[in-house]
Every structure is written in structure tokens, then in C-alpha cells.
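>>> turn this into a model:
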Amino acid sequence: MRSFIVCTITLFLFSYGYASSSAPATEDKLAAQFDITGCLKCHEEIATEYETSAHAVSTGNPRFLRAFREISGKEPDTISAGNKKKVLKACLSCHVPQIDTASDGLTNYISSLIIKSSLNDTSAQNELAELTVNCRVCHMMQGMPQGKVQPMTIYGPGCDENEESHQEEYGFDTVTSDYLQSSDFCIVCHDRCPPDLPESMCSSLHARAERHYNVLRYRQPCQKCHMQEKGSVTHSFPVK
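Residues are numbered from 1 along each chain as shown. The predicted model follows:
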């Protein structure tokens, strides 16, 4: 089993880099680039927590699906073509972050899957389930401010001295990133809603959270509440 995991991760890593100039052209190839099978097999406890989180079903969120379909269908006199494109791009960048590495054709295809999924198309829902906010999105693609990440690199808040080296075993670097422990990291997506999109349609929670911070004077990072449970770190991201 161990050798299988090593081979699987190594094959993935040597076929993929976020700095690559070639954008994947199919949903299967995009999903393969962000596959987390190896991560989940080694980090079993985190996997169990993550699978119960909203991040694990980011492309199945009913409010997201409904809002995306409604915005896509709005007439030009209701929302400008330019703003519509920006709003839809903002939705995709947070609910399907992998889209930022995809070709234009694939982006359009995934957009069509979202609309079909909102109409209860099971096949579309199954395809979208392979593209969510997962380990590689947070710890590789978005591990540094403004996406300034290196290929073949995993970013984390810190490393256990006794932990096996990912470099020696699997061929990629691990880099400590304080950014992952800041509210700025979360606010990339959990920010105010895009232009022309009312808060009632948007799944972002930061607009409301910011008001609570101002009123209650909570000066702690989002992770203090949403990655803490019973005194330890959790990847279920509980809503409190």
C-alpha cells in the first residue's frame, strides 16, 4: 500500500506544476491535477474532518448553484455583460478555484455543468463533485499571498519535527506559510459579494463577519473559531 501511495503521488507531481503554461482542456484532466487521493490516504483524520466540511461540497452548494444559474440567465438590461462576466468569474474562482488554471473552453464547459447541476442533472453533479475546494487548492494553489506559489510545493502553518519529509518520500517541498493562519487567507473568498450580487444570493460570509468584528471588537483570525474544536485544530471548518 505504501509503495502504491508513493507511486501515485510521484506520478501526479511530476506531471503537474501550477506554473505550467499548458492549461488542461478537459474536466477529467483538471480533476486529475488536483486529485487528493494520496493526501487523504496519509492524513486520515484530517480527511474524515474535511469530508464533512462545506469546502468538500463547494460545487454542490444549493445557493451557489441557484445564484450562478440566475446570473447566467439575466438579461443585458438587468446586469451589464461586463459585470455579469466578472460576477460569474468571482463565483467560479471561489467555488471551483481550479478554474483559474483551466482553458477558456473548459471554463465554459464547467459553467454549463453548474447550470445543469442546479437543475438536478445527476451526471453534471457527479462531474462537479471532483472539483471542490480541497487540500491542493489551499495548501498548494493558494498557499501564499496573491497566489505567489512555487510548483511542486506544499505550504503549511508549520511542520512537526518528527514528520517524514515530503521531499524525500514524495518529491515535493514543504514550506511554512504564516499566511495560512491569517484572516487574509480566508477573505480571498469569504469577502464581500461581487458587484451587482445581493448578499442574499452570495455564499460569502465575510461581509457579515466583518460587521460582527467591528461591533464585538473580536480581533482574532477566522481560524480561531472556524478551525478550532474542543481545543484542537479541525478541518471540518465548523460554523459557530
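>>> report the contact partners of the spatially most central residue of the chain.
Centroid-nearest residue in the chain: residue 133, 2.6 Å away (criterion: C-alpha atoms, centre = their mean). Neighbouring residues of residue 133 by C-beta atoms under 8 Å, 6 or more residues apart in numbering: 55-56, 58, 94-95, 97, 189. Heads up, the C-betas are built off the backbone N, CA and C, glycines and all.
>>> what do you get for residue 194?
Contact partners of residue 194, counting by C-beta under 8 Å, 6+ apart, are 86-87, 90-91, 202.
>>> let's see the pLDDT reported for residue 162.
Note for residue 162: predicted pLDDT of 51.
>>> what's the answer for residue 175, then?
pLDDT recorded at residue 175 is 88.
>>> send me the strand or helix carrying it as PDB with only the CA atoms.
Residue 175 belongs to strand 173-176 when assigned by DSSP states H and E. Extracted in PDB, the C-alpha atoms of strand 173-176 (Å, rounded to 0.1, in the frame of the first residue of the first chain):
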ATOM      1  CA  ASP A 173       8.900  20.700  -0.900                       C
ATOM      2  CA  THR A 174       7.100  21.800   2.200                       C
ATOM      3  CA  VAL A 175       7.200  25.400   3.100                       C
ATOM      4  CA  THR A 176       6.000  27.200   6.200                       C
END
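>>> list the buried residues in it.
For strand 173-176, the neighbour count (16 or more other C-beta atoms under 10 Å) marks residue 174 as buried.
>>> could you do stretch 177-195 as well?
By neighbour count on 16+ other C-beta under 10 Å, the buried set for stretch 177-195 is 177, 179-181, 183, 185-186, 188-191, 193-194.
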